[in-house]
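**Student:** no sequence on this one, just coordinates:
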């Protein structure tokens with residue numbers, strides 16, 4: 001379990017988790033939240049159905065992990081977990097607010113459900129889109145879900161507004177707006193530029209008909225790398241949750257793990273433990 005949720009990570013996020021309830025009658029004591037989280041991370045990484053969680057991991061049954069996942073989702077824990085790790089990164093000076101980038105990736109959704117639609121780039125198969133906004137280093141600041149038939153530009157404002165107010169632990173206002181936003185030609189509309197400027201952000205959007213990548217493209221690759229990190233979590237690569245909020249909660253958990261990886265990578269002394277089960281992907285470093 002320690003290699004899935006190491007001690008230093010648990011020390012950072014433990015206050016967010018409720019204490020396990022004491023059973024009113026005799027019976028098996030409730031599983032510790034750290035063990036349940038380890039089981040959920042394992043399923044997120046490998047894309048297994050809940051019922052196939054190996055009992056040998058010591059994280060309880062898949063049914064127990066699913067029940068607790070749903071309870072914590074209703075309590076809003078998964079988005080708070082993402083914010084908590086963003087605050088730790090901001091406090092350590094690892095968030096780059098000078099630039100940001102926005103893009104999306106489509107995934108199959110064979111079971112259908114909320115926020116699914118016919119994917120025009122995949123022969124009309126049912127799918128969803130993950131829209132991700134990153135900072136200048138590739139750390140995910142916000143993530144939203146739509147149907148695969150929703151144009152990227154239509155989700156621009158919702159994704160910008162999904163960036164939480166991130167406190168640094170020092171004096172000053174929380175930060176929630178980057179200075180610049182880089183995006184591809186799918187966002188090259190006057191209404192998109194107006195929406196970005198209205199939020200005090202400078203738009204840096206590629207223009208249709210201009211093929212040069214000498215300037216804008218050298219910043220946008222980071223969001224594509226972050227999307228590849230997200231889709232390496234097999235539970236996100238194919239959406240199996242009919243409930244959109246459950247799928248979004250899994251995406252928030254994956255974002256939190258990516259932020260944790262950035263904290264470990266940028267730390268002068270690597271923390272003890274091997275870190276959560278996060279897929280390593282090749283590519284340029286931020």
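**Tutor:** Structure's in. What do you need? Since we're looking at a predicted model, the values are computed, not measured. Residues are numbered from 1 along each chain as shown.

**Student:** residues contacting stretch 38-57, please?
**Tutor:** Contacts made with stretch 38-57 from outside it, assessed by C-beta atoms under 8 Å, 6 or more residues apart in numbering, are listed as 1, 4-5, 59-66, 68-69, 233-238, 240, 250, 253-254, 257, 276-279. Quick note: C-beta positions are derived from backbone N, CA and C, even for glycine.

**Student:** buried residues of that stretch, list them for me.
**Tutor:** Applying a neighbour-count criterion of 16 or more other C-beta atoms under 10 Å, the buried positions in stretch 38-57 are 38-45, 50, 53.

**Student:** got TSV for those, with pLDDT, secondary structure and distance to residue 126 too?
**Tutor:** Compiled in TSV, the buried residues of stretch 38-57 are given as follows (pLDDT from 0 to 100; DSSP: H, G, I helix; E, B strand; the rest coil; distance: C-beta to C-beta, whole Å):
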residue	pLDDT	secondary structure	distance to residue 126
38	97	helix	32
39	97	helix	28
40	98	helix	25
41	97	helix	27
42	97	helix	27
43	97	helix	22
44	97	helix	22
45	96	helix	24
50	95	helix	21
53	95	coil	26
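
**Student:** show me which of the contacts of stretch 38-57 are buried.
**Tutor:** In the contacts of stretch 38-57, the ones that pass as buried (16+ other C-beta under 10 Å) are 1, 4-5, 59-60, 62, 64-66, 68-69, 233, 235-236, 240, 250, 253-254, 257, 276-278.

**Student:** so for the strand or helix carrying residue 68, mean pLDDT?
**Tutor:** With elements delineated by DSSP states H and E, residue 68 resides in helix 62-74, which encompasses its position. Regarding helix 62-74, the rounded mean pLDDT is 95.

**Student:** tell me how far it lies from the chain's centre.
**Tutor:** How far helix 62-74 lies from its chain's middle: 18 Å, per C-alpha atoms, centre = their mean, to the nearest Å.

**Student:** can you give the contact residues for it?
**Tutor:** Outside of helix 62-74, the residues within contact range by C-beta under 8 Å, 6+ apart are 17, 31, 33, 36, 39-40, 43, 48-53, 59, 78, 245-246, 249.

**Student:** ok, residue 220 - contacts?
**Tutor:** For residue 220, counting by C-beta under 8 Å, 6+ apart, the contacting residues are 101, 103, 182-184, 206.

**Student:** cutoff 7 Å now
**Tutor:** Counting by C-beta atoms under 7 Å, 6 or more residues apart in numbering, residue 220 touches 101, 182, 184.

**Student:** over to residue 187?
**Tutor:** When contacts are counted by C-beta under 7 Å, 6+ apart, residue 187 touches 152-153, 156, 205.

**Student:** ok, it to residue 228 distance?
**Tutor:** Here the distance between residue 187 and residue 228 works out to 20 Å (C-beta to C-beta, to the nearest Å).

**Student:** got it, and residue 42?
**Tutor:** As for residue 42, its distance to residue 228 is 21 Å (criterion: C-beta to C-beta).

**Student:** can you name the residues bridging to residue 205?
**Tutor:** The bridge-partner assignment for residue 205, based on DSSP bridges, gives residue 183.

**Student:** picking up where we left off before, from the contacts of residue 187, which land in strands?
**Tutor:** Within the contacts of residue 187, residues falling in strands by DSSP state E are residue 205.

**Student:** between the contacts of residue 187, which has the most around it?
**Tutor:** Counting neighbours by other C-beta atoms under 10 Å, the top entry in the contacts of residue 187 is residue 156, with 24 neighbours.

**Student:** apart from its chain neighbours, what residue comes closest to that one?
**Tutor:** Leaving out its chain neighbours, the residue that sits closest to residue 156 by C-beta to C-beta, 6 or more residues apart in numbering is residue 192, at 5.3 Å.

**Student:** longest single helix anywhere in this protein?
**Tutor:** When the chain is parsed with DSSP state H, its longest helix is helix 244-266.

**Student:** show me what contacts the nearest residue to residue 255 once chain neighbours are set aside?
**Tutor:** If you skip the residues right next to it in sequence, residue 255 has residue 140 as its closest partner in space, 4.2 Å away by C-beta to C-beta, 6+ apart. When contacts are counted by C-beta under 7 Å, 6+ apart, residue 140 touches 132, 134, 226, 255, 258.
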